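>>> This is the structure alone, sequence omitted:
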Ligand SMILES: [Ca+2]
Ligand SMILES: [Ca+2]
């Protein structure tokens, strides 16, 4: 049981370490995900592209969704 806990903590911390890369760049309210409004503060992105990138349709981009869509979503960013 204790081992499971340690593994869960390790999994969580490595996931959040990964999340630092792209989400953190655009995540203005630091809730760990990127809304269309946040993304368009830095990037010129059409809503239709955002919706394609938002695979689970929760209205936000996770780090994985950003990573998978960066070729067409993050090609027109200021920073
Ligand atoms: Ca956010
Ligand atoms: Ca999503």
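Cool, got the structure. Quick caveat, the model's predicted, so the values are computed rather than measured. Ligands and ions are numbered 1, 2, ... in the order given.

>>> So which bits of this protein are right by ligand 1?
27, 29, 31 (C-beta under 5 Å from the ion). No exception for glycine: its C-beta is placed from N, CA and C like everyone else's.

>>> Adding secondary structure, neighbour count and pLDDT, write these out as a markdown table.
Output for the residues of the chain next to ligand 1, formatted as a markdown table (DSSP: H, G, I helix; E, B strand; the rest coil; neighbours: other C-beta atoms under 10 Å; pLDDT from 0 to 100):
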| residue | secondary structure | neighbour count | pLDDT |
| --- | --- | --- | --- |
| 27 | coil | 21 | 95 |
| 29 | coil | 10 | 97 |
| 31 | coil | 11 | 95 |
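
>>> Quick check: which ranges of the protein have low pLDDT?
For the chain, residues meeting the criterion pLDDT under 70 lie at 6-20, 79.

>>> Next secondary structure after the helix or strand hosting residue 37?
Secondary structure assignment for residue 37, by DSSP states H and E: helix 36-42. Using DSSP H and E, the helix or strand that directly follows helix 36-42 along the chain is helix 47-53.

>>> May I see the buried residues of that next one?
Within helix 47-53, the residues scored as buried using 16 or more other C-beta atoms under 10 Å are 49, 50, 53.
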